[in-house]
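> turn this into a model:
(chains A, B, C and D)
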Amino acid sequence: MRRFSLSSLLTESLKGHRGWGRQWRDPQPKPAYDVVIVGGGGHGLATAYYLATVHGITNVAVLEKGWIGGGNTGRNTTIIRSNYLYDESAALYEHALKLWEGLSQELNYNVMFSQRGVLMLAHNLHDVQSFKRHVYANRLNGIDNEWLTKEECKEFCPPIDISGSLRYPVLGGALQRRAGTARHDAVAWGYARGADARGVDIIQNCEVKGIRRDASGAAIGVETTRGYIGAKRIGVVAAGHTSTVMAMADVQMPLESYPLQALVSEPVKPVFPCVVMSNAVHAYISQSDKGELVIGAGTDQYTSYSQQGGLHITTHTLDAICEVFPQFTRMRMLRSWGGIVDVTPDRSPIIGKTPVENLFVNCGWGTGGFKATPGSGHVFAHTLATGTPHAINAPFTLDRFRTGRLIDEAAAAAVAH
Amino acid sequence: MLEALYRTARALPLGRAPASDPARSGIVIQPAGAEARFALRVRDAGASAAGLPLDGPINSVRGNDRRWIARLGPDEWLIGSDESEADHLPSAIAADLGERAHSIVDVSHRNVGIDVSGPLAAVALNAGCPLDLGDAAFPPGSATRTLLGKAEIVLIRHPGGAPRYRVECWRSFATYVHALLAEAAIGAGSTEQAVRR
Amino acid sequence: MAQPFRLSRGGRIDRTRPVRFTFNGRTVEGFHGDSVASALLANGIHLVGRSFKYHRPRGILSHGPDEPSALLSVDRGPGRIDPNNRASVVEARDGLKTLSQNHWPSLEHDIGAVNDLLSPVFVAGFYYKTFMWPRKFWDKVYEPFIRAAAGLGKAPAVADPDRYANRHAHCDVLVVGAGPAGLSAALAAARTGKRVILADEGPEPGGALLHDVTAEIDGRPAAEWLSATLAELDSRENVILLPRTTAFGYYNHNHVALAERVTDHLPSPGTAPRERLWQVRAGEVVLAGGSHERPLVFADNDRPGILLAESVRVFVNRYGVAPGRRIVFATSGASAYAAALDAKAAGLAVTLVDLRTESECGPELARLKAAGVEVLTGHTVIGAKGTKRVTGLIVAPVDRAGRCGAHRVLECDCVGMSGGWTPAVHLFSQSRGKLAYDERLDAFLPGTSAQAERSAGASKGTYDLAACLQEGFAAGAAAAGSDERKSFTASPTLTGFKPVRAMPTDADPTKVRAFVDFQNDVTAKDIKLAVREGFHSIEHVKRYTTTGMATDQGKTSNMNALGIVAGQLDKTLPGVGTTTFRPPYTPVTFGTLVGPARHALFDPIRTTPIHEWAEEHGALFENVALWRRAWYFPKSGEDLHAAVARECEAVRKGVGIFDASTLGKIEVVGPDAAEFMNRIYVNPWLKLEVGRCRYGLMLKEDGYILDDGVVARIAPDCFHVTTTTGGAPRVLAHMEDYLQTEWPDLKVFLTSTTEQWAVIALQGPKARAVIAPLVDGIDLSPEAFPHMAMRQGTICGVPTRLFRVSFTGELGFEINVPSDHARAVWEAIWEAGQQHGITPYGTETMHVLRAEKGYIIIGQETDGTVTPDDVGLAGMIAKAKKDFVGKRSLARPDVVATGRKQLVGLVTDDPKLVLDEGAQIVDDPAQPIPMRMLGHVTSSYWSPNCGRSIAMALVADGRALQGGPLHVTTPEGFARVTVVDPVFFDPKGERIHA
Amino acid sequence: MLLIACPYCGNRPETEFRCGGQAHIARPTDPGALSDEQWAQHLFVRSNPRGVHAERWNHVHGCGRWFNARRDTVSDRFIETYKMGETPKSQDSNSTLSTSTQAEARA
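Numbering: from 1, shown residues only, chains lettered A, B, ... in the order given. Now for the predicted structure:
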């Protein structure tokens, strides 16, 4: 792997950049691998990377039906934070956040992780209580998260209107300073390059059409559009398509796939210093390095594989943004798009074994998977390598829906009086 | 004194505001006065009760301004009447329905009416209502529950040639619905100017 | 001299109506009908901006919405400043202030242009390879620098005074684009009598007919056909013609979004909305959005003065403006010849360079030569001269192998380039139609439709005028359900081009900076680098190089980029793929999308009939769901704490009045009502007597508490159900769902009566005394009207459902009266209560009083993960019932396991310390982080009646910890608390039965 | 915004409706008799097909009725809507991938 650095960049700039090789190979699939990962998004590529780097397992293929990073990895609003309420979630996302903090150096690929802070605005007394509950829980879990008065919110993020004239006035907010954003595509590419350099085959335009099982029922390989590929272990990391892939092994999942839309504005000079999330009005916003305001909200209400949702979702999202930031009505929406997010009944992921021997799954990240990418890959690699879950993903079993041990962050923030 | 108060002094949320044409575009918005209304639910309703037809198609209204019945669903009607009928109407309906399981609930104070009329009335309504209000899809005599912006309403198009609509919403949404209609009237007026250049 | 580049005649501008606006402070004069771009060009202004990355000088490339370079901030007055407007689509009008962007200190002298010198380093994706050391520098140094350099204009800083409108519309046929094909389609559809909407993005319908001044249709000038057609459309009641209206989004089921610009072009907007969103549901859609011209890719093709060839033609013919006096057209196709002919006819010096050989050309060659224009066929463009304005074009003959001959510099002040045409298939693609590559036209065309639409004209690759008219007519007729066809005769259009990805050159390829994406500064070299680095999918190339990601979304660049990638990979274009087009077609203001939904119209503000009274009596309010509720009633000088302490004491000692109208209410009626209640709630209902109340608890099917509330039995077949304020819609939906889908056999009907009944809660030992004189027909004595009973009678002559219930632990009544009488009754009670010291109280006091009694609040003690047993309410569950919603889930292993969090009371060692709600609880505050958390504080108040702070909490196995110490987080550290029973006041509950 | 044919009211915009997820999951008559596994299956496991999906919709801001629909989750095209208790007329199997386009359906 040609190392990236300022000096290599300068050297190449004198030679017309002719010396840069491929960032990852385009190999033909081998007949069999130790581990086959289905899905070439950030989570799948990270899994492969950590299989190679942490566990020394390099006879690995990542199968991607399109182009790597083309699913939710390249379609999200890139928010990264770890200030979750429950111990289980907090441990998982904090694990990821710690990995994010060194990721550019680890991968030798600038993923532009920007710790500009995520500020969650409280618009009613219930929000205040809920956010303080988070702040205290995070403190005892060693995760930074602090309560800001509305004046402090304004100081941290000057575009916020705290005048009290809003439909839902800002009462304060919870700020995680270590949280922020990253360049989503670079995460996929960086992991791909790192994994590839260690021998992992990244195979694009290769769609899995079936899962082959032996007489005992154990999974032994996958049928693909590029032929049969044997595997000692298979990890399904297919996000919105997980139900479809798992159905190939006759496993029905507690998942539903919904369209999730996001949009960006035209680029403008720096105007928005951090990430702001607002549950009460339901929208979130940040500004990319390029200058675009990046805006997202909730899913459409019906399941769909179309990567397209309704205009009313977009208009309601912008209603909310312009209510909190009335100066943005003259900004223009430049681009909108949709992803397909797989949602579990408790909106927390499933990471671990399945009823089928040798078949493992990492799914159900819903609307919040990007932030977990390094942590998710890291613990899933452990699970695939050892056959048992890492302590961090142990609670995120499929079995919890039977026992009732749900991890429901959203319910914990439920609004009602 | 108190008895008198009950009969005469319903404090309506929009007051007894006069008709207004905020954009001077021919769209007249007028909060309705105090009326009686009943939510009627009954399965296999039969042809009529208390003289009110129950066999009209779903999403239609029958009657006149003083007494109307809108079929909102297969087993659901919204009945409007002059306040003077409020006391005897439910019992008259119940008597006619006899043994059939039903529910008549007084919602006179839950609902607020706003009348919208004028040549561009439908244009104003379409600022918030996503339905096709054209003559073919929503002819005079139509009635349905729908949305106006972020509020649920019942929209009734009175029989007759001139475009006259009744918007019924819940009491606490009345301010919003009225304000949205006023805003819409301003926008609707300019539409036609733009179209006609 | 004003407007030195204005031609002496021609154009559709109104020379009798001059307009004046400013550009960077300099007054620019134009005419009514000018765009800002045409007016600038009329004044010889070509340098209008700096590029995104390299800060290169940029001019006007295009006349339309595909303009990537000429982006201006436009100032229409206070609060009406916005960035990134395309000069080509902003209509010139008096008083406008326009400013160029992305430079410092000035457009002419921009320090940022140093980036251009560093361009050998700043190649595609360079930032992924560096800025990583030292690690801390990213946030503090590199990223702020990158951000400051990026971005284009400045975001508006103050709230926008303009209003925006929304309109839902329905039609049988929506026609997008009012060029020849669209007009013809609208005409055909309109004549069937169907409802037609015709939308066009320009200020004037006509499309190419507005500048094709020599064309004839059916033997008369095209302009005549245009005005006749418009007159006919205008005269038809069934047609809505929308100029200045861009169809920007094609959504599911023929839901098409249009953005209409209503007032920006007017001198004064008045009260009319600035823009309007049209949400059109169309039976059929005809897409006739035309096509976009491709630039040629050669060194320094981005210099100001280099325009698209057709744009030169538009400026000359439609605006009467000469973009230069000596114009070189560079092309690989026929259409530029028409531009050259028109420029020549306008008296300008013209030369044309064609990459094609003589034999590859059509009749255009002879026509242009006959007009006396020098034509260099078989020539490539090596590069451009000039920096802030093109001064010459370097051309050379090129042979079939791509070898270049001797260079020749063609001096000029303007270049019109044409690399062929790309149909605007954006909306078709958004509709999820599948594109098909047409090799003959070198374009992706609409292929398989996914929705009820059809394309016509240039957007379908049909460029000939007569063919466009015919195709449009047929499409419009077919969309309207007619099979009528019409044939047109028209002057033939010069069409056909030879696809060229990058112009052949003999220069060192590492030195050539030939731009593909003008705004994002992506060169052919960048694209090749991306391909070398393994980015082979066009989506990867886009993301790595940012080509096609600028504000023009690749309208001018996509095909060139795709072609270069295909060339590098030796693949066909479809082999590389095309990108999926997403809304919007062109950028749309947030305001358009928001429409009127701002301020009070953002979300309805729901208020009760008592709201104005509360306002008049000084209440402060809190938002609860959509409601605004009185929070507390401070007297002068009181803060929240003092007011609530006073209100709390008043209720316990005398009487308090509280507006509980927001409670949800549902009338449950029918012979099976009791059975239905039995299935929905955990409690038993069959034996509840008429006139009695019961506190009910309902679960979701997963076993967690959904809602609670007091229910009264009005009649054997009628229940008056109450819900929480926020839970009302949820509970009604929950009940309806089960009723309709699981138990359709039950004869039960549900009606929301939340707003029929206003609820006046009168609480405190003197409550009975206050209402006694006002109530008729109800025996208020404790014997006749015990706690948890309901009676019907009148109060102040108003019919009431009078509940004897209490959420305070005191003697209390909840007086349900019809809403329109509520204020009068409230005021009568207020008057009658004066002698008893009646005190109004708000939600905060309500919370404190119920907490003193250990009553839970849904959403505060519960959070969607709490079972009845968790909050100590397992006793409410009817043991005899075999089933109710949620029952089965209560038997799941982890729901019956030990260690669940249970509701307890907490008292702090320091009685004055009020814990934070949400504070976490541990047994050992000295343990290392991460600590084992046992639970959290759900409610916490200063209790004036207990004379100390009190708190409720959910604590793991908390009921077993009674009397034991625990530690609770505080902003500074921890506070020691003791676990107690959560009933802090009147534990025996005697007062409630008074 | 989808256009949904309510079996009672005809074509109406999506905003008037609430989607209720997968259809034809009858509540067990005796939940107490089910194992934890079976109960979890009933509560949580969903087919989530890529293709034709039977789902519940409620015309909440219209006639208030719940009904069923068959919709292709790839094209979002509705194949059929039908009242509660009725059986669908369309016979495509649940696993069928995409169906004809709206344009073809119209032809």
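
> can you name the residues of chain D sitting close to chain B?
With CB under 8 Å from any CB of the partner chain as the criterion, chain D meets chain B at residues D:1, D:8-9, D:12-13, D:15-16, D:61-65. For the C-beta atoms, the positions are set from N, CA and C on the backbone; glycine is no exception.

> and if you look at the stretch 751-900 of chain C?
Residues of the stretch 751-900 of chain C lying near chain B (CB under 8 Å from any CB): C:751-758, C:774, C:794, C:796-799, C:818-824, C:828.

> again, only this time at 6 Å
Residues of the stretch 751-900 of chain C found near chain B (CB under 6 Å from any CB of the partner chain) are C:751, C:755-756, C:796-798, C:818-820, C:823-824.

> could you export those residues as CSV, including distance to C:Ala346?
What follows is these, written out as CSV (distance: CB to CB, whole Å):
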residue, distance to C:Ala346
C:Thr751, 75
C:Glu755, 70
C:Gln756, 75
C:Cys796, 86
C:Gly797, 87
C:Val798, 83
C:Pro818, 78
C:Ser819, 74
C:Asp820, 74
C:Arg823, 76
C:Ala824, 80
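
> so what's residue 48 up against?
No chain specified, so I'll use chain A. A:37, A:60, A:62, A:195, A:200 (CB atoms under 6 Å, 6 or more residues apart in numbering or on different chains).

> oops, I was thinking of chain D
If you count contacts by CB under 6 Å, 6+ apart, D:Asn48 has them with A:243, A:255-257.

> follow-up on the earlier one: next step: the contacts of A:Ala48 restricted to helices.
A:Ala195 (DSSP state H).

> quick one: which two of the contacts of A:Ala48 are the most distant?
Maximum pairwise distance among the contacts of A:Ala48 (CB to CB): 9.6 Å, between A:Ile37 and A:Ala195.

> what residue ranges in chain B score low on pLDDT?
Under the criterion pLDDT under 70, the flagged ranges of chain B are B:1-8, B:189-197.

> run the last query once more with 50
B:1-5, B:192-197 (pLDDT under 50).

> domains in it, by residue range?
Chain B breaks down into these structural domains: B:20-34+B:110-197, B:36-107 (assignment by automatic domain parsing).

> would a markdown table of these with distance to chain C and mean neighbour count be doable?
Listed next are the domains of chain B as a markdown table, based on distance: least, CB to the nearest CB, whole Å; neighbours: other CB atoms under 10 Å in any protein chain shown:
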| stretch | distance to chain C | mean neighbour count |
| --- | --- | --- |
| domain B:20-34+B:110-197 | 3 | 21 |
| domain B:36-107 | 4 | 18 |
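
> contacts for stretch A:351-371?
Under CB under 6 Å, 6+ apart, the answer for stretch A:351-371 is A:76, A:80, A:218-219, A:233-237, A:242, A:249, A:251, A:255, A:260, A:341-344, A:347, A:349-350, A:380, A:383-384, A:389, A:393, A:396-397.

> give me the buried entries from these.
Neighbour counting over the contacts of stretch A:351-371 (16 or more other CB atoms under 10 Å in any protein chain shown) leaves A:76, A:80, A:219, A:233-237, A:242, A:249, A:251, A:255, A:260, A:341-344, A:347, A:349-350, A:380, A:383-384, A:389, A:393, A:396-397 as the buried ones.

> among those residues, which are in helices?
A:242, A:380, A:383-384.

> turn those residues into TSV, columns for distance to C:His379 and pLDDT.
TSV is the format used below for those (distance: CB to CB, whole Å; pLDDT from 0 to 100):
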residue	distance to C:His379	pLDDT
A:Thr242	57	98
A:Phe380	59	98
A:Thr383	64	98
A:Leu384	61	98
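
> got phi/psi on the closest residue to B:Pro53 other than its chain neighbours?
Sequence neighbours aside, B:Arg62 is the residue nearest to B:Pro53 in space, at 5.0 Å (criterion: CB to CB, 6 or more residues apart in numbering or on different chains). With angles defined as degrees, to the nearest 10, B:Arg62 sits at phi -130, psi 160.

> close to chain A: what parts of the stretch 251-400 of chain C are there?
Within reach of chain A by CB under 6 Å from any CB, the stretch 251-400 of chain C has these residues: C:251, C:257.

> should've said chain D
So far as CB under 6 Å from any CB goes, chain D lies against chain A at D:1, D:15, D:19, D:36-37, D:40, D:44-46, D:48, D:50, D:73-74, D:76.

> mind redoing it with 7 Å?
For chain D, the residues found near chain A under the criterion CB under 7 Å from any CB of the partner chain are D:1-2, D:14-15, D:18-19, D:21, D:36-37, D:40, D:44-48, D:50, D:53, D:55, D:73-76.

> in ChimeraX, how would I select the buried members of these?
Of the residues of chain D next to chain A, the buried ones go into a single ChimeraX selection, burial set by 16+ other CB under 10 Å:
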select /D:1,2,14,15,18,19,36,40,44,45,46,47,48,50,53,55,73,74,75,76
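
> and the closest residue to chain D within chain B, bridged to which residues?
Across chain B, the shortest distance to chain D (CB to the nearest CB) belongs to B:Gly73, at 3.5 Å. For B:Gly73, the beta-bridge partners are B:Glu76 (DSSP bridges).

> wait, isn't it in contact with D:Trp66?
No - counting by CB atoms under 7 Å, B:Gly73 sits too far from D:Trp66 to count as a contact (11.2 Å).

> still on that earlier bit, filter the residues of the stretch 751-900 of chain C next to chain B down to just the ones in helices.
Using DSSP H, these in helices are C:823-824.

> ok so, going back, from the residues of chain D next to chain B, which is closest to chain A?
Nearest to chain A among the residues of chain D next to chain B, with distances taken as CB to the nearest CB, is D:Met1, at 4.2 Å.

> please enumerate the helices of chain D.
D:36-44, D:102-106.

> lowest average confidence across those helices, which one?
Of all the helices of chain D, helix D:102-106 carries the lowest average pLDDT, namely a mean of 43.

> where in chain A is pLDDT low?
Looking along chain A with the criterion set at pLDDT under 50, you get A:415-417.

> which strand is the longest one in it?
strand A:332-343 (DSSP state E).

> would it count as contacting chain D?
No - using CB under 7 Å from any CB, strand A:332-343 stays clear of chain D, coming no nearer than 8.0 Å.
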